[in-house]
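Undergrad: Generate a structure from the sequence data that follows.
(2 chains)
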Amino acid sequence: MIKRLSGAIAVLAALSAIGGLAAIFSGGPAAQDARAAAVKSEPAPAEPKTGTVWTAPDQEAAKKRAQEVVPFVDAVMEECQLCRQMRLREAGLGIKDITNSYFLLDSSIIKKSEDLYGPVRFKHTKHAAELKDCALCHHRRPLDAKARETTRCSACHQEPFRVNQPERIGLKAAYHQQCTGCHQEMKKGPTDCLGCHRKNVPDHKELVNLPEKPEPIQVTRECLRCHKAVGDDMLKTAHWLWKGPSPYTLNRSKHVNHGKATTSINNF
Amino acid sequence: MELNRRVFLKCIGAAGAGVAGAATDSTAVHAWESRAPADPLGCLVDLNRCIGCRKCEQACQTVNKLPQPEQPFDDLTVLDKKRRPDERAYTVVNRYYPGRRDERDQLVPTFVKVQCMHCQDPACASACIVGALTKKENGAVYYDISKCIGCRYCMVACPFEIPAYEYHNPVTPRVMKCTFCYERVENEGKLPGCVGICPVEAMTFGRRSNLLKIAKKRIESDPGSYVNHVYGEHEAGGTSWLYISGVPFDRVGFIQVPHRPLTELAETIQSSLFSYLWSPIVLFGMLGGIMRAFGGKSDRDINHKGEES
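TA: Presented below is the predicted three-dimensional model:
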């Protein structure tokens, strides 16, 4: 889904770029106006420079939003889940009121303690459309009557173990308890770490220790120094053994002895 | 013969009276007193929250610079082995199936993190003859390698069977147990490694008195999900680490320990035995009496023999 979306965005971007280029190459004052308009309408963070990688404007905006730390909401209104559901429904709050459809959960509050995993890409509107109940996640509102009905998670959940609000869990725990708990309950959505996060791969420049012009075997050995299991797995694959199951061949899926080493002479 | 027995019994009687008198006297003077810090830091582990991700083990390994484990931390199959903290890992997480079932009739696992409980009156510190183990004011039971002589009394004394020993290291072996990240908490003002990394806040870090309040409030507000017992409130006289659980603790590998401090009995006996040095005095008095009684007899025997011959 994500791939398809990003693919679509890329295609759109390419089209608009071609349009812009065409306008520029056609020359004349009209084209210059178009160029100026294009520059003006561009959001500030995603301003394209020549030679830089294209970035998605919504992704950049989400990155920026993730870094904002909002003032802490000290007091929240105590009410039961059902009361809140009813109240939100009566107020007519729903998917149409969503201002940000996409969030990057990358708060500096969490990053302070550790940084093992990449940020989670949270599709707000998709979750809202699927659940049709804002109160499932927006389970409390600020006590201040002037405040908005729903706030972001990090307004109430920030640092863990606050002395004054002992049961107010931190932002990281709030995310994990809310997301994992709901995913488990609904039997939908990932519940393991790598289902939502990408692992932060450490910088291999520091880790890899190779001479100036390494031999191929030295490179392999250096990789295997840490990734031994990958090497062991490789020795069991058809690429190494030249024989193995052929799951994509009709009626051959269970034949283990199929491959260059046995039955076939040349697959190419 | 008659006389000898009388002398011997006299000695015994005198010694017994001395013991009784001194014992009552010393217990009145030196009643055992807890040396626990008033309100140390602690940790409340909520077993209903733990998801068994082993991130705490990983953080512990990184923070305390422990060796890499045999199986990587993302391998969750080891959870079913009933592991114990050892010289390579200060904390481990085990998975139990205590018999609870969900609405789909699937067994619900309970994950239990095991580490040093950091007792209020630690038996290990009491047993340590060189003071290498001490209870710090912030709650940590701290191990000082420079004092340790490797007697391993702490390992025998610990009711939770926590301290481990580096038997593989014959030159500079250490006793290995959870440090409660003492330096990290005290000097750097950070959270302990395991607490900081926990994704679901299964561990709550704070003052012990506050944690007890939180624990009781959690049990009270959801009595269906918790058993009414805070493990560590009274166990071994109270510990800095506390646990609350949805299943009885004996079903998820918790050791049942007495509620009074384990140091109380041992230290009372020790202090009453050595107060005013009465016990050595009585002991040597008795030995002297016996020697005199038997020595007299042998002298007489020789004299008798001399007279006869």
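
Undergrad: Go ahead and list the helix or strand containing the one residue in the stretch 151-300 of chain B that gets nearest to chain A.
TA: Nearest residue of the stretch 151-300 of chain B to chain A: B:E201, at 3.3 Å (Cβ to the nearest Cβ). Yep, even glycine has a C-beta here, placed from its N, CA and C like the rest. Counting by DSSP states H and E, no helix or strand carries B:E201.

Undergrad: and it, what are its phi and psi?
TA: For B:E201, the backbone dihedrals (degrees, to the nearest 10) come out as phi 50, psi 40.

Undergrad: separation between it and A:F72?
TA: Distance, B:E201 to A:F72, using Cβ to Cβ, to the nearest Å: 17 Å.

Undergrad: Could you check which of these two is surrounded by more residues?
TA: Using other Cβ atoms under 10 Å in any protein chain shown as the criterion, B:E201 and A:F72 rank with B:E201 on top: 19 against 14.

Undergrad: Quick check: the more buried one touching B:I51?
TA: No - assessed by Cβ atoms under 8 Å, B:E201 is found out of contact with B:I51, at 11.0 Å.

Undergrad: burial count for the closest residue to B:V63 other than its chain neighbours?
TA: Leaving aside its chain neighbours, B:V63 sits nearest to B:G193 (3.4 Å; criterion: Cβ to Cβ, 6 or more residues apart in numbering or on different chains). By the criterion of other Cβ under 10 Å, B:G193 has 26 neighbours.

Undergrad: Could you pull up the contacting residues of B:G193?
TA: With contacts defined as Cβ atoms under 8 Å, 6 or more residues apart in numbering or on different chains, the neighbours of B:G193 are B:C56, B:A59, B:C60, B:T62, B:V63, B:N64, B:C181, B:R184.

Undergrad: go with 10 Å
TA: A:113-114, B:55-64, B:90-91, B:179, B:181, B:184-185 (Cβ atoms under 10 Å, 6 or more residues apart in numbering or on different chains).

Undergrad: Take those residues and, keeping just the buried ones, write it as a PyMOL select command.
TA: The PyMOL command for the buried members of the contacts of B:G193 (criterion: 16 or more other Cβ atoms under 10 Å in any protein chain shown) is given here:
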select buried, (chain A and resi 113+114) or (chain B and resi 55+56+57+58+59+60+61+63+64+90+91+179+181+184+185)
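
Undergrad: Would the helix or strand hosting A:C83 count as contacting chain B?
TA: Counting by DSSP H and E, the element that carries A:C83 is helix A:81-91. No - using Cβ under 10 Å from any Cβ of the partner chain, helix A:81-91 never reaches chain B; the gap is at least 14.0 Å.

Undergrad: touching chain B at all, the following helix or strand past that helix?
TA: Toward the C-terminus, helix A:81-91 is succeeded by strand A:102-105 as the next helix or strand (DSSP H and E). No - residues of strand A:102-105 are not located near chain B by Cβ under 10 Å from any Cβ, the shortest gap being 12.3 Å.

Undergrad: wouldn't B:Q256 be in contact with B:F249 here?
TA: Yes - contact criterion Cβ atoms under 10 Å: B:Q256 and B:F249 qualify, at 8.0 Å.

Undergrad: Give the full set of residues in contact with A:H139.
TA: Counting by Cβ under 10 Å, 6+ apart, A:H139 makes contact with A:V76, A:E79, A:Q81, A:R84, A:Q85, A:T150, A:C156, A:Q178.

Undergrad: how near is the fourth one to chain B?
TA: Put plainly, it is A:R84. 18 Å (Cβ to the nearest Cβ, to the nearest Å).

Undergrad: Ok, the last one next?
TA: Separation of A:Q178 from chain B (Cβ to the nearest Cβ) stands at 10 Å.

Undergrad: Tell me how many other residues crowd that residue.
TA: A:Q178, neighbours per other Cβ under 10 Å, totals 16.

Undergrad: Which positions in chain A make contact with chain B?
TA: Residues of chain A lying near chain B by Cβ under 10 Å from any Cβ: A:110, A:112-114, A:116-117, A:160-163, A:166-167, A:169-170, A:172-177, A:180-181, A:184-185, A:187, A:191-194, A:197, A:199, A:229.

Undergrad: circling back to that earlier point, what sits in contact with each of B:E201 and B:I51?
TA: With Cβ under 10 Å, 6+ apart, B:E201 and B:I51 have common neighbours A:H176, A:Q177.

Undergrad: Are stretch B:237-250 and chain A in contact anywhere?
TA: No - against chain A, stretch B:237-250 shows no contacts by Cβ under 10 Å from any Cβ, the least distance being 13.2 Å.

Undergrad: How far does that stretch stretch from one end to the other?
TA: End-to-end distance of stretch B:237-250 (Cα to Cα, to the nearest Å): 18 Å.

Undergrad: which stretches of chain B form strands?
TA: For chain B, applying DSSP state E gives strands covering B:41-46, B:92-96, B:110-114, B:133-135, B:141-143, B:164-165, B:175-176, B:203-207, B:241-244.
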